[in-house]
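*Asks:* Below is the structure, and that's it, no one-letter string:
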C-alpha cells in the first residue's frame, strides 16, 4: 500500500508491512489495539461481564463479543472500500499530504483469498486461488508467486501483515482493519446511525473511542480518537475514521484515515475467477517471501567476521562468540525504528541472556552513544562497528538490521526494519532458541 507517512530509515521493511497509509497505520497500532478477534469469544464475554452494566465500557465489550461470534461463523466475504488519508505535521512548516485509495477484499474458506489496494494505479495485490498464491507490492518492483495454499483462520492475527505465509494468507486478513479494536476506552455510549452501502440501508452502532496516550520513550504509533460504524448483523465496521500520531525525523505527524465500505456481501461465495493473478511484464519474481522482503538476505550464509569495540574501549571479534547463539543488531541513536525495537531486544536479553549473546552495534562515536544510554539505559551489550563493515560485510543499507547467528556461525535470520517481540522470538527459534 502506498507509503505516504511512515518515515524512518528501515524504509523497505516498512513498505513491506502493507506500507502505507491506511492499513499500515491501523496495523502498526495492532500491538496496542488488536483487532476484534484478538481475543476469544470467551475472553470478550468475560470483558463484557466485567464492565459495570449500562456503562459505555459494557456496551463496547458486548458489541465486540457479539461481533467476534459473527466473524467466527463467517464462510466468505466480498467487499470494496474507499480510503482517504490526510496527514499533517504537528509542528508548523511541514507539508500536508492527501491521498485517495481503493481497497478490495474477498475470501472463501478454506483456500481462496484476494486483497488489492490502488491509488492511481495498482499498489498491492495478494491472495491464493486455483492456480497459485502471490504477493505483489508495486514499489518493490517484485512479486512472490507460489503454490496454492490453505488459509489460516486466525482472528487474533487479522491485522498482522508480516511477510510470512501464516500472516499473509489469513482468511480474516481483508477484514482486520474493519474490526472493533480491543483495549480501547469508549468516549461514551454508542449512537445509532444508518449508512447507505451499495444501495442498502444498514443500521449501525457508532462507537467513539478515546485517544491512547503514548508511553514515555515509546516511538511507535499512538492511536488517536476514532469512530467505528459497526454493522451488528455481520460484526464488520462499514466505516472507520481514525487518527494516529506518528513519529518522524521532522517531528510528529497526525494522520487521519477515513475508511468507507461501498459494497459488501457475506452471503454469496465469490467465484473462482476472482482469485487469479498475472505477473506484470518485466517484474522480478521471488522464490520465497523472505527473498521478496530482503533480496540481499544473507540467511543461510556464514556470518562474516568483524571487529567490534565495547564502550570501555576493549575490542572483540564476532567469531569470539562462536558456540553461542548471537543476535547482532545494527542500529543508531537517531533511528526511530531502532529505538522502537530496542526495548524488545532488552526484554529478550533479560530473559534469554544465558542462551543468546545480544550485541547492539552502532557506527556512531562513543560520546553520542553514551549520551543516548544515559537517557535510555540498556543492560545488553552495546558496541561500536565501523560503517564500512556494517555496509559492506552485513549489507546494512537500512537500519535497524538484525541477524540471528547460530552456534556454528551460520546466519539463520536476516531482518530489515523494526521487529516486534513476537517476530524476534520467531527469528531466534530458527537457531533453536525458544520456539
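*Replies:* Alright, I've got the coordinates. The model shown is predicted, which means the values in this text are computed figures rather than measured ones. Numbers count the residues shown, from 1 in each chain.
*Asks:* which parts of stretch 199-219 are buried?
*Replies:* 202, 204, 205, 207, 208, 209, 211, 212, 214, 219 (16 or more other Cβ atoms under 10 Å). In short, each C-beta sits where N, CA and C put it, glycine included.
*Asks:* and which of the residues you listed is nearest to residue 294?
*Replies:* Closest approach to residue 294 among those (Cβ to Cβ): residue 219, at 22.4 Å.
*Asks:* Report the contact partners of residue 381.
*Replies:* 310, 357, 358, 359, 360 (Cβ atoms under 8 Å, 6 or more residues apart in numbering).
*Asks:* Residue 343 is in contact with the last one, correct?
*Replies:* No: shown here, residue 360 and residue 343 do not form a contact pair, counting by Cβ atoms under 8 Å, at 11.7 Å.
*Asks:* Which of those two has more residues huddled nearby?
*Replies:* residue 360 (24 against 16; other Cβ atoms under 10 Å).
*Asks:* hmm, back to that, greatest separation within the buried residues of stretch 199-219: which pair is it?
*Replies:* Among the buried residues of stretch 199-219, 202 and 219 lie farthest apart (Cβ to Cβ), at 38.7 Å.
*Asks:* before we move on, back to that, what's the closest of the contacts of residue 381 to residue 164?
*Replies:* For these, the nearest to residue 164 is residue 358 (22.8 Å; Cβ to Cβ).
*Asks:* what helix or strand is residue 338 on?
*Replies:* Element membership of residue 338, judged by DSSP states H and E, is helix 336-352.
*Asks:* and residue 393, backbone torsions?
*Replies:* phi -80, psi -40 (degrees, to the nearest 10).
*Asks:* Please look at it and residue 301 and confirm they touch.
*Replies:* No: contact criterion Cβ under 8 Å: residue 393 and residue 301 do not qualify, at 11.0 Å.
*Asks:* what about the strands in the stretch 101-250 of the chain?
*Replies:* 112-118, 122-129, 132-137, 142-146, 191-197, 200-209, 222-231, 236-248 (DSSP state E, counting those that start in this stretch).
*Asks:* circling back: rebuild the contacts of residue 381 as a markdown table, extending it with distance to residue 263 and pLDDT.
*Replies:* Compiled in a markdown table, those are given as follows (distance: Cβ to Cβ, whole Å; pLDDT from 0 to 100):
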| residue | distance to residue 263 | pLDDT |
| --- | --- | --- |
| 310 | 60 | 96 |
| 357 | 53 | 97 |
| 358 | 49 | 97 |
| 359 | 52 | 98 |
| 360 | 48 | 97 |
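*Asks:* From the contact counts, what lies against whatever helix or strand residue 358 lives in?
*Replies:* Using DSSP H and E, residue 358 maps to strand 356-362. Helices and strands touching strand 356-362, as assessed by 3 or more Cβ pairs under 8 Å, 6 or more residues apart in numbering; DSSP states H and E, comprise strand 325-330, helix 336-352, strand 381-384.
*Asks:* so of these, which one's packed in deepest?
*Replies:* Stretch with highest mean neighbour count among these: strand 325-330 (a mean of 23; mean count of other Cβ atoms under 10 Å).
*Asks:* quick one: residue 316 and residue 305, what's the gap?
*Replies:* 11 Å (Cβ to Cβ, to the nearest Å).
*Asks:* returning to what we had before: direction included, what does the strand holding residue 358 pair against?
*Replies:* Here strand 356-362 is paired, per DSSP bridges, with strand 325-330 (parallel), strand 381-384 (parallel).
*Asks:* so what does the helix or strand just after that strand touch, helix or strand wise?
*Replies:* Next helix or strand after strand 356-362 toward the C-terminus (DSSP H and E): helix 366-375. On a contact count with 3+ Cβ pairs under 8 Å, 6+ apart, helix 366-375 meets strand 381-384.
*Asks:* from the middle of its chain, how far away would the next helix or strand after the strand it packs on be?
*Replies:* Heading C-terminal from strand 381-384, the first helix or strand you meet, by DSSP H and E, is helix 387-388. Distance, stretch centre to chain centre, for helix 387-388: 30 Å (Cα atoms, centre = their mean, to the nearest Å).
*Asks:* repeat for stretch 84-99
*Replies:* 22 Å.
*Asks:* could you give the mean pLDDT of it?
*Replies:* For stretch 84-99, the mean pLDDT works out to 86.
*Asks:* That one spans what distance, first to last residue?
*Replies:* 6 Å (Cα to Cα, to the nearest Å).
*Asks:* in that stretch, what's buried?
*Replies:* Residues of stretch 84-99 classed as buried: 84, 85, 86, 87, 89, 99 (neighbour count, 16+ other Cβ under 10 Å).
*Asks:* Also stretch 99-114?
*Replies:* Quick answer for stretch 99-114 (16+ other Cβ under 10 Å): 99, 101, 103, 104, 105, 106, 107, 108, 111, 112, 113, 114.
*Asks:* Run a quick neighbour tally on residue 371.
*Replies:* 12.
*Asks:* Spatially nearest residue to it, not counting backbone neighbours?
*Replies:* residue 333 (7.8 Å; Cβ to Cβ, 6 or more residues apart in numbering).
*Asks:* That neighbour and residue 363 touch, don't they?
*Replies:* No: between residue 333 and residue 363 there is no contact under Cβ under 8 Å: 10.8 Å.
*Asks:* Relative to residue 338, which of the strands paired with strand 356-362 is closest?
*Replies:* The nearest among the strands paired with strand 356-362, by Cβ to Cβ, is strand 325-330 at 7.9 Å.
*Asks:* Give me the distance between that closest one and the centre of its chain.
*Replies:* 22 Å.
*Asks:* Measure how that strand sits relative to helix 336-352, angle-wise.
*Replies:* 160 degrees (axes from the mean of the first three to the mean of the last three Cα atoms, to 10 degrees).
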